[in-house]
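> What follows is a protein structure lacking sequence information:
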């Protein structure tokens, strides 16, 4: 009885304190940035790119390609943006036909091309030369990906069919973290950090150039 | 397990916002941080990818103040929702005291919600914890999208999918607009503190 009364006191005191701390005085909070993003032309494409990053569904890939078609029409007068959209469209077609078997670098390139396109469209004062430089970098990366894909295909075709294993390898329990798993996770993270840092450096440089 | 110092009468609890990727976990914390920053007097720490996704976690600590003689400190965390970051999610769950499961109300996300809840149960099991015993609430997010004609799940469907076994409080919400963000937070703090205090009394 005394225990329950103590609990009631605590709960009611806590509720009062929380009401005080999180009192909503009727003034709307500052709108979050995403709200503004909805009105931007690339907002929908960004959502779809993130969606593909999360899970490659046929619907997401179809929406991606449909959105690219719309944007191509909207930006047909801008040659550089059209080229970016062309690369994105080709990547989308490749993902559509290969789904989860697509080369792993495809998704980082998709994100990178989209990020560059976003940079270009959000800095209207960016010099033409700078835009071309960015496009060239992405085209080179795209070309490299194509080569990697061809090499992988060639290697797959040349590979002899392995004999069926006598015994399936033991699958570690969900809570068990093995050394190779850890090493792989660290390697993935390192690679991820490298690409993030490179993207940030590029964005920083652009901002500095734009402010000059 | 919460950090409790009886000598100094200090209780520190860890609340984790869990759920599928792009469901609105970070948006919940951003809303709280932005709207109440002047009162909670805290800084939100967040590590995001270039594409604006949570890589490790978001972290928002704040003091509730003195309640019934106890100084109460809250730590809010989110986990990265993307499937590939399961190890990080498990790590963030270590020592969790209360959970907000943020489900995405869009119809296309039905399966990902279910998978994410299953993943939460598995990850809790690795710490010998369970949703049957932990305080947790559900938030059915993105109700604002209905106005834009996006197919949404009715509450009954979300309840049936996610809240059948020992039903918990749930909140239809829009983290973007702030609808029921505070109600969710208040509920989970109250439930968590009550659960900890129950053990102490």
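Good, I have the coordinates. All of these numbers come straight from a predicted model, not from anything done at the bench. Residues are numbered from 1 along each chain as shown, chains lettered A, B, ... in the order given.
> tell me what the longest strand along chain B is packed against?
Taking DSSP state E as the criterion, chain B has its longest strand at strand B:54-67. Counting by 3 or more CB pairs under 8 Å, 6 or more residues apart in numbering or on different chains; DSSP states H and E, the packing neighbours recorded for strand B:54-67 are helix A:2-21, helix B:25-40, strand B:45-48, strand B:70-78, helix B:86-92. Every residue, glycine included, has its C-beta placed from N, CA and C.
> how does it look with 7 Å?
Using 3 or more CB pairs under 7 Å, 6 or more residues apart in numbering or on different chains; DSSP states H and E, the elements in contact with strand B:54-67 are helix A:2-21, helix B:25-40, strand B:45-48, strand B:70-78.
> Any chance of CSV for the ones you listed, columns mean neighbour count?
Listed next are those as CSV, based on neighbours: other CB atoms under 10 Å in any protein chain shown:
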stretch, mean neighbour count
helix A:2-21, 14
helix B:25-40, 20
strand B:45-48, 14
strand B:70-78, 22
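> Check the ones you listed for me: which has the lowest mean pLDDT.
Lowest mean pLDDT of the helices and strands packed on strand B:54-67: strand B:45-48, a mean of 72.
> rewinding a little: tell me the mean pLDDT for the longest strand of chain B?
Mean predicted lDDT for strand B:54-67 stands at 82.
> That one - which strands sit beside it in the sheet, and in what orientation?
Looking at strand B:54-67 with DSSP bridges, its partner strands are strand B:45-48 (antiparallel), strand B:70-78 (antiparallel).
> which residues touch it?
With CB atoms under 7 Å, 6 or more residues apart in numbering or on different chains as the test, strand B:54-67 has contacts from A:10, A:13-14, A:17-18, A:21, B:26, B:29, B:32-33, B:40, B:42, B:44-49, B:72-80, B:88, B:92.
> With stretch B:152-161 instead?
Against stretch B:152-161 from outside (CB under 7 Å, 6+ apart): B:103, B:105-107, B:110, B:113-114, B:140, B:145-146, B:170, B:172.
> I'd like the distance between the closest residue to residue A:61 other than its chain neighbours and residue B:88.
For residue A:61, ignoring the flanking residues on the chain, the nearest one in space by CB to CB, 6 or more residues apart in numbering or on different chains is residue A:96 at 4.7 Å. As for residue A:96, its distance to residue B:88 is 30 Å (criterion: CB to CB, to the nearest Å).
> Compare the two and say which is more crowded by neighbours.
residue B:88 (18 against 15; other CB atoms under 10 Å in any protein chain shown).
> hang on, isn't the more buried one packed against residue B:80?
Yes. The pair residue B:88 / residue B:80 is scored as a contact, 5.6 Å apart, by CB atoms under 7 Å.
> Might you list the low-confidence residue ranges for chain B?
For chain B, the stretches with pLDDT under 70 are B:1, B:47-56, B:84, B:198-201.
> Near chain A, which residues of it are found?
Contacts of chain B with chain A, taken as CB under 7 Å from any CB of the partner chain, map to B:21-22, B:27, B:30-31, B:34-36, B:39-40, B:49-51, B:53, B:64-65, B:67-68, B:82, B:87, B:122, B:126, B:176, B:178, B:182, B:185-186, B:189-190, B:193-194, B:197-198, B:201.
> Return the helix or strand in chain A with minimum mean pLDDT.
helix A:33-37 (a mean of 38; mean pLDDT, DSSP states H and E).
> quick one: the helices in the chain?
Because you didn't say which chain, this covers chain A. Along chain A, counting by DSSP state H, helices occupy A:2-21, A:33-37, A:43-54, A:58-74, A:79-98, A:105-122, A:128-158, A:179-211.
> my bad, the chain I had in mind was chain B
Counting by DSSP H, the helices of chain B are B:25-40, B:86-92, B:110-125, B:155-162, B:181-200.
> Next, the buried residues of the shortest one.
I take that to be helix B:86-92. B:88-90, B:92 (16 or more other CB atoms under 10 Å in any protein chain shown).
> what's in contact with it?
Taking CB under 7 Å, 6+ apart as the rule, helix B:86-92 contacts A:185, B:16, B:56-57, B:77, B:79-80, B:119, B:123, B:126.
> could I get those as CSV with distance to residue A:201?
Output for those, formatted as CSV (distance: CB to CB, whole Å):
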residue, distance to residue A:201
A:185, 25
B:16, 33
B:56, 21
B:57, 24
B:77, 29
B:79, 28
B:80, 23
B:119, 34
B:123, 35
B:126, 38
